[in-house]
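Peer 1: Sequence plus the predicted model coming up.
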Amino acid sequence: MKFYKDHYDVIVIGGALAGLSAALMLADKGKDVLVLERHNLPGGLATSFVRGGVEIEATLHEMMSIGEKENRLKVGKFFDDMGVNVDWLPVPEAYHASLPGVEVTLHPGFERFAKEVDETVPGTYQKVLDLLKLCHTVYDSVNELSIHPMSKAKMLMKHEAFVKTAGYSAKEVIDTFELPQKAVDLLAPYWIYVGNPLTTLPFTIYAVLMADYIGYGSKVPKKLSHEMSLKMAERAEEMGVQIEYRQQVEKILVKDGKAYGVRTARGDEIYADYVISSAYPNKVYSSMIEPASEVPEAAVKAVNGRKISLTAFTVFLLLDKPAEELGIKDFNVFHGETMDTDKIFENYLGTGPYNYLTAICLNYANPGCTPEGTCILSITALPRPDGWKQVKAEDYDRVKHETAKATIDTMSEYYGVNLLDHALEVIIETPMTVSHYTGMWNGCVYGYMHCMDDHIVARLQTAEAEGALKHLEFSGAHSISGNGMGPAVTNGRKAAKNVLDSMAAEEATK
């Protein structure tokens, strides 16, 4: 009996959230799908690991676009429609902002959030609420336009706020509300979730982020992020998808400008009408296309014209006491010596110490995630890959531990307790860890930067022109919607939709 079929409708490279989302959507439409995953488990970064007998969440801080059972948002609805039943738990707050002269916990809900900002910066309630309402209007437009594209004239009539703000940065639009700087600082911490300073972050992206997180709140899976990927894989197989693990794809086979299959590291050549790749275009076009002569010049230009976004440095601490006994009072703390996002972005060029950290105590959203009497704290910076690329092999261990120690010391000072005195386990994740485990280009977890000349609006307009090879689609953080686990699901669905639309168009011409 042969391991693989003679032919598939679609081969999906990568069994992380984007690849599995694409596979689910294609299988739901009756397509014959093969997923090839280089690891022995699905999920990519949506995974967990075990230390000291305790399962520890590897990456997920919170999941956007889920919503409540009776009012699902797009990702939650997709999971429900596909029969992927995840036990979602609500995150108790938006974030705690610990900035120079400011200590405040902010909660989801536009009115509540605006009131809490106003309590810290009196006289700002209405302006903050108006800004959040504008974000929600743009958010609604993005959701509609991603499904129902329309002419520019019709777009201007139906989506005036979206059109008027699309060409401006987050800072430029926020500045029109004439808010005190302290209030602006309280509206800025989530910039890190998209990885670009407010001065160059498109307002469209900022608006979608704020409307989703502040408007509806976020969730975490009760059984950690691996619950999502395992249930997605299980459901995909129930729907007829073939998923094979420990199968690394080395080559994408192309002839006359059209992808027709792949070759694995063990030498299997597998054929399909379409290929969806979770590997970054940088890797695909530099080393995966066979023959290399099939790589179009337009693809190389598109890749070279984009800037790689942020990677990750995280210290995980399994601590020997409950969070409240250690002075850890919040689920999510943004702690920094400045909220000047340009200065933070510049600081992130190096290997640390970092001047802006995110600390997550998952126990506040998921009390049963560690054994009774313990808690888990993850402390994260999201540096740019450039600095870590310069670290020599012989210096790596030293640099890693020096940065980790500085990171722990910063949060120990903030919490008023020596965290290392209470550490049962200390795990350090660097950009090299990410690159080694996932194969992500330069360890980049955030795909390409969403900057003013290259973000979701621009990418939607130029996507067809950049479709360098026929029957090859991309999914993952590097795709149109950008980074994050929610957008990863959206990117996978978009890749599947492109394949289905192409299949329908080709069928119609026969």
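Peer 2: Yep, that arrived.
Peer 1: Might one say that residue 351 is in contact with residue 385?
Peer 2: No: applying C-beta atoms under 8 Å, one finds residue 351 not in contact with residue 385, separated by 10.8 Å. Every C-beta, even on glycine, is put in place using the N, C-alpha and C of the backbone.
Peer 1: Tell me, please, where in this structure the pLDDT is lower than the cut-off.
Peer 2: In the predicted model of the chain, residues 1, 146-156, 455-467, 481-482 satisfy pLDDT under 70.
Peer 1: Give me the sheet partners of the longest strand along it and which way each runs.
Peer 2: The single longest strand within the chain, with elements called by DSSP state E, is strand 269-277. Take DSSP bridges as the rule and strand 269-277 pairs in its sheet with strand 8-13 (parallel), strand 258-264 (antiparallel), strand 472-474 (parallel).
Peer 1: Show me how far the biggest helix by length in the chain is from its chain's centre.
Peer 2: Using DSSP state H to define each element, the chain has its longest helix at helix 485-509. Using C-alpha atoms, centre = their mean, to the nearest Å, the mean C-alpha position of helix 485-509 is found 19 Å from that of the whole chain.
Peer 1: ditto for stretch 114-121
Peer 2: Mean-position distance between stretch 114-121 and its chain equals 29 Å (C-alpha atoms, centre = their mean).
Peer 1: For the stretch 101-250 of the chain, which segments count as strands?
Peer 2: 102-106, 219-221, 242-244, 249-255 (DSSP state E, counting those that start in this stretch).
Peer 1: Need the winner for burial among the ones you listed.
Peer 2: Highest mean neighbour count among those (mean count of other C-beta atoms under 10 Å): strand 219-221, with a mean of 25.
Peer 1: Ramachandran angles for residue 440?
Peer 2: Torsion angles at residue 440 (phi, psi; degrees, to the nearest 10) stand at phi -60, psi 140.
Peer 1: hang on, residue 408 packs against residue 378?
Peer 2: No: here residue 408 lies out of contact with residue 378, judged by C-beta under 8 Å, at a distance of 11.5 Å.
Peer 1: Name all residues that sit in contact with the two at the same time.
Peer 2: The contact sets of residue 408 and residue 378 overlap at 315, 317 (C-beta atoms under 8 Å, 6 or more residues apart in numbering).
Peer 1: quick one: contacts of stretch 281-288?
Peer 2: Defining contact as C-beta under 8 Å, 6+ apart, one finds that stretch 281-288 is touched by 249-252, 277, 279, 295, 299-300, 302-303, 308, 439, 441, 468, 472, 474, 478.
Peer 1: Buried ones among those?
Peer 2: Among the contacts of stretch 281-288, those scoring as buried are 249, 251-252, 277, 279, 295, 299, 302-303, 308, 439, 441, 468, 472, 474, 478 (criterion: 16 or more other C-beta atoms under 10 Å).
Peer 1: Would you check which pair of these lies furthest apart?
Peer 2: Farthest apart among those by C-beta to C-beta are 251 and 308. That separation is 23.1 Å.
Peer 1: Check which residues of the host helix or strand of residue 50 are buried.
Peer 2: Assigning secondary structure by DSSP states H and E places residue 50 in strand 48-51. Neighbour counts over strand 48-51 (16+ other C-beta under 10 Å) mark residue 48 as buried.
Peer 1: Residues touching that strand, excluding its own?
Peer 2: For strand 48-51, the surrounding residues in contact (C-beta under 8 Å, 6+ apart) are 55-58, 224-226, 316, 318, 425, 427.
Peer 1: can you tell me which of the residues you listed are in strands?
Peer 2: Those of those lying in strands (DSSP E): 55-57, 316, 318, 425, 427.
Peer 1: So among these, which ones count as buried?
Peer 2: Of these, these count as buried by 16+ other C-beta under 10 Å: 56-57, 316, 318, 425, 427.
Peer 1: which one among those gets closest to residue 40?
Peer 2: Of all those, residue 40 sits closest to residue 56, with 18.1 Å by C-beta to C-beta.
Peer 1: Contacts only, for the closest one.
Peer 2: By C-beta under 8 Å, 6+ apart, the contact set of residue 56 is 48-50, 316, 318, 376, 425, 427.
Peer 1: Which of those residues sits closest to residue 238?
Peer 2: Residue 238 has its nearest neighbour among these in residue 48, at 22.7 Å by C-beta to C-beta.
Peer 1: Just grab the bridge partners of that closest one for me.
Peer 2: Following DSSP bridges, residue 48 is listed with bridge partners residue 57.
Peer 1: I'd like to know how far the closest residue to residue 363 other than its chain neighbours sits from residue 270.
Peer 2: Leaving aside its sequence neighbours, residue 363 sits nearest to residue 375 (C-beta to C-beta, 6 or more residues apart in numbering; 4.6 Å). Using C-beta to C-beta, to the nearest Å, residue 375 is found at 46 Å from residue 270.
Peer 1: check contacts around residue 383.
Peer 2: Listed by C-beta under 8 Å, 6+ apart, the contact set of residue 383 reads 310-313, 348-352, 354, 431.
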